[in-house]
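J.: Structure for this input, please:
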Amino acid sequence: MSLLPETARRVDEIAARAQAGGRAPSLALAIVRDRAVLHFAGVGAHPVPDAKTQYRIGSITKTLTATMVMQMRDEGFFALDDLLYRHLPGTPIGGVTLRQLLGHVSGLQREPDGPWWERNTGGDVDKLLADLGYDKLSGPPFRRYRYSNLAYGLLGAVLARVTGESWATLAAKRVLDPLGMKRTTYAPMEPFARGYVVHALDGSLHEEPRLDSGAMAPAGQLWSTVTDMAKWAAFLTDPAPTVLPRETVDEMCAPVVISDLESWTGGYGLGLQLFRSGERVFVGHGGSMPGYVAHLAVHRRTRLGVVAFANSYGLRNTHIRDVALMALNAALDGEPETPQPWQPPARPTGEAAELAGRWWWMGREYEIKAVGDALEMSGPNHWSRFTHEAPDRWRGAAGENEGEILRLVRTPEGAVAHLDIATFIFSRNPFDLA
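T.: Model (predicted):
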């Protein structure tokens, strides 16, 4: 499968304009879906971009760190509302929670102490923790969004402490290997793009060092390729249960904080950035390290995503995020959305058979139908999914009634008299307004 020729030409144009105007030695831009690269646009000659060439992905690394935190939460290692001191005893900033660190609402400052960690060889976890002090908190939690690389260094330290394994080992074992991301690595592996600072005055290229971030690796260490990021984009749209169940990834995508209170164009979930463009909301993350910028975003409903890399420390007069989202919008606007094939539904059985059909509340019509092992309810400006919890009891799993109880109320003879959904009574009789 590939993009329509008109859409592909538009993506090529976006890539060419970004590379030329941004003065990037090379720029890679790809539209992806379901682990596949639908269209690759590579521009530049230092090096000539390739879908299998590694670039440094910077803070996209945080999405993998967050995924491991959520895995271990699901496995019972800790709760997201645990205070940090429970897992890093003695730290003077132990009064913040893991959830606050994940969502950049802990009040923690952006960077650790010492020389700029992105451009120097990093120290170990013990040194990172030894340098912490109360002065690293710039304000109380949840007062406002404050992006913090330091927060992710601390989350990586928690992962290492509770498992006894290094963050790099955990990332490979828990995320990269299960998803087949063989070209996503801790250190660069040939072929990889050298990273540059492009001088503003004469356009000369100054190669940046490629250093080990040490304890700050969970915030931005990894290297990857377009083909591997296509697999990561697919995971965010259609999660692999061997890594995380869909419900947990949905939880990560739910907004914790709005980062742009003026226009509400950005927010942050649990390790994932949210980007609003018109009526669309994308999920992903940006990244930068000296010599590199990167961006990954997906439109979860259509499963379309975008991957963008450049081997320069920023693009002149534009931002890699804007380039990526422009390309993704072009693909969404230009490509027809293919409906899922219709299949005749299986005949519902048991309680699902009793519930299927039309129901009424306050003169409004609603329909319940069985979808696999679940029930879906639709009506005027309403949609809910329920899963069976106990006899005559269903729990809202998604939609308007998420978390609420659907209870079957029966007659003395055992027939279903009506439904009680969070105290709202639904009847088979359209004229029953009780």
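
J.: give me the low-pLDDT residue ranges for this structure?
T.: Scanning the chain for pLDDT under 70 picks out 434.

J.: Longest helix in it, by number of residues?
T.: Using DSSP state H, we find that the single longest helix of the chain is helix 5-22.

J.: If you count contacts, what does the next helix or strand after that helix end up packed against?
T.: On the C-terminal side of helix 5-22, the nearest following helix or strand under DSSP states H and E is strand 26-33. Where contact means 3 or more Cβ pairs under 8 Å, 6 or more residues apart in numbering; DSSP states H and E, strand 26-33 is packed against helix 5-22, strand 36-44, helix 226-237, strand 304-310, helix 320-334. C-beta here means a position set from N, CA and C on the backbone, and glycine is covered the same way.

J.: for the third one, packing partners?
T.: The one in question is helix 226-237. Judged by 3+ Cβ pairs under 8 Å, 6+ apart, helix 226-237 is in contact with strand 26-33, strand 36-44, helix 61-74, helix 246-253, strand 280-289, strand 292-299, strand 304-310.

J.: Deepest-packed of those, please.
T.: For those, the largest average neighbour count (mean count of other Cβ atoms under 10 Å) is found in strand 304-310, namely a mean of 30.

J.: List the strands paired with that one, with their directions.
T.: Using DSSP bridges, strand 304-310 pairs in its sheet with strand 26-33 (antiparallel), strand 292-299 (antiparallel).

J.: The spatially most central residue of the chain and residue 104, how far apart?
T.: The residue lying closest to the centre of the chain (Cα atoms, centre = their mean) is residue 272, at 4.0 Å. Relative to residue 104, residue 272 is positioned 11 Å away (Cβ to Cβ, to the nearest Å).

J.: tell me which element residue 197 is part of?
T.: Going by DSSP H and E, residue 197 is part of strand 196-198.

J.: Now residue 352, what are its backbone angles?
T.: According to degrees, to the nearest 10, the main-chain angles of residue 352 amount to phi -60, psi -40.

J.: Go ahead and confirm it touches residue 371.
T.: No: counting by Cβ atoms under 8 Å, residue 352 does not reach residue 371; the two are 9.5 Å apart.

J.: For the nearest residue to residue 297 once chain neighbours are set aside, give me its contacts.
T.: Nearest residue to residue 297, sequence neighbours excluded (Cβ to Cβ, 6 or more residues apart in numbering): residue 284, at 3.6 Å. Residue 284 is in contact with 60, 63, 233, 236, 272-273, 275, 295-298, 305, counting by Cβ atoms under 8 Å, 6 or more residues apart in numbering.

J.: what kind of secondary structure is residue 377 in?
T.: strand (DSSP: H, G, I helix; E, B strand; the rest coil).

J.: Please report how far residue 402 lies from residue 250.
T.: Distance, residue 402 to residue 250, using Cβ to Cβ: 10 Å.

J.: again but with residue 283, I slipped
T.: 10 Å.

J.: Same check on residue 72?
T.: According to Cβ to Cβ, residue 72 stands 18 Å off from residue 250.

J.: likewise residue 188?
T.: 34 Å.

J.: and if you look at residue 4?
T.: 31 Å.

J.: now swap in residue 149 and tell me
T.: Residue 149 is 26 Å from residue 250, by Cβ to Cβ.

J.: Residue 335 now?
T.: Distance from residue 335 to residue 250, by Cβ to Cβ: 24 Å.

J.: How about residue 25?
T.: Relative to residue 250, residue 25 is positioned 39 Å away (Cβ to Cβ).

J.: what's the answer for residue 134, then?
T.: Taking Cβ to Cβ, one finds residue 134 at 36 Å from residue 250.

J.: need the contact list for residue 225.
T.: Each residue near residue 225 by Cβ under 8 Å, 6+ apart is listed here: 51-55, 183-184.

J.: Between these, which sits nearest residue 18?
T.: Nearest to residue 18 out of the contacts of residue 225 is residue 55 (Cβ to Cβ; 14.5 Å).

J.: My guess is that closest one contacts residue 27. True?
T.: No: applying Cβ under 8 Å, one finds residue 55 not in contact with residue 27, separated by 9.7 Å.

J.: residues bridging contact with these two, i.e. touching both?
T.: Joint contacts of residue 55 and residue 27 (Cβ under 8 Å, 6+ apart) are 309-310.

J.: quick revisit: of the helices and strands packed on strand 26-33, which is nearest residue 381?
T.: Closest of the helices and strands packed on strand 26-33 to residue 381 is helix 320-334, at 24.4 Å (criterion: Cβ to Cβ).

J.: buried stuff in that closest one?
T.: 320-321, 323-332, 334 (16 or more other Cβ atoms under 10 Å).

J.: quick one: residue 251 from residue 9, how far?
T.: Residue 251 is 39 Å from residue 9, by Cβ to Cβ.

J.: ok, now residue 331?
T.: Taken as Cβ to Cβ, the span from residue 331 to residue 9 is 12 Å.

J.: Likewise for residue 316?
T.: 24 Å.

J.: do the same with residue 130
T.: According to Cβ to Cβ, residue 130 stands 55 Å off from residue 9.
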